[in-house]
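>>> Build me a structure from this.
(one chain, ligands or ions: 2)
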Amino acid sequence: MACEVVELPNGSRAIVCGPRQPRQKCRCGKTATLLCDWKVPDAVTRSGTCDKPLCPACTHVPAHGKDLCPDHAAVWKARRG
Ligand SMILES: [Zn+2]
Ligand SMILES: [Zn+2]
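Ligands and ions are numbered 1, 2, ... in the order given. Just a heads-up that it's a prediction; the model follows:
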């Protein structure tokens, strides 16, 4: 089991442990620690959400505990007006 220290956007740190943590990269090239939570009607993912890998620098947080990829953050903002 591998553990690693993850830096959160608010400056605090969290230790993430997991034997099956996928090593995904954000589109900026950093290691992704977050996934887009945007609900996709015909999602191919099991979770039913976009699940695009995101690093803390690239995520958008519309609500506590939610993360959006830049594409879906734009959609969310457009809907909010
Ligand atoms: Zn990034
Ligand atoms: Zn997304």
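
>>> now this structure, which segments are flagged as low pLDDT?
Scanning the chain for pLDDT under 70 picks out 1-2, 18-22, 43.

>>> try it again with 80
For the chain, the stretches with pLDDT under 80 are 1-4, 16-23, 42-46, 81.

>>> all strands for it, in order.
2-7, 13-18, 34-35, 53-54 (DSSP state E).

>>> of these, which approaches residue 45 most closely?
Closest to residue 45 of those, according to C-beta to C-beta: strand 34-35, at 9.0 Å. Any C-beta I mention is one placed from the backbone N, CA and C, and that applies to glycine too.

>>> For that closest one, name the packing helices and strands.
Here strand 34-35 touches strand 53-54, going by 3 or more C-beta pairs under 8 Å, 6 or more residues apart in numbering; DSSP states H and E.

>>> Quick check: residues of this structure near ligand 1?
Counting by C-beta under 5 Å from the ion, the residues of the chain close to ligand 1 are 26, 28, 30, 55, 57-58.

>>> Closest one to residue 44 out of those, please.
Using C-beta to C-beta, the residues of the chain next to ligand 1 come closest to residue 44 at residue 26, 19.8 Å.

>>> I'd like to know which of the residues of the chain next to ligand 1 are buried.
Among these, those classed as buried by 16 or more other C-beta atoms under 10 Å are 26, 55, 58.

>>> In this structure the last one contacts residue 25, no?
Read it as residue 58. No: applying C-beta atoms under 8 Å as the test, residue 58 and residue 25 come out as separate, 10.9 Å apart.
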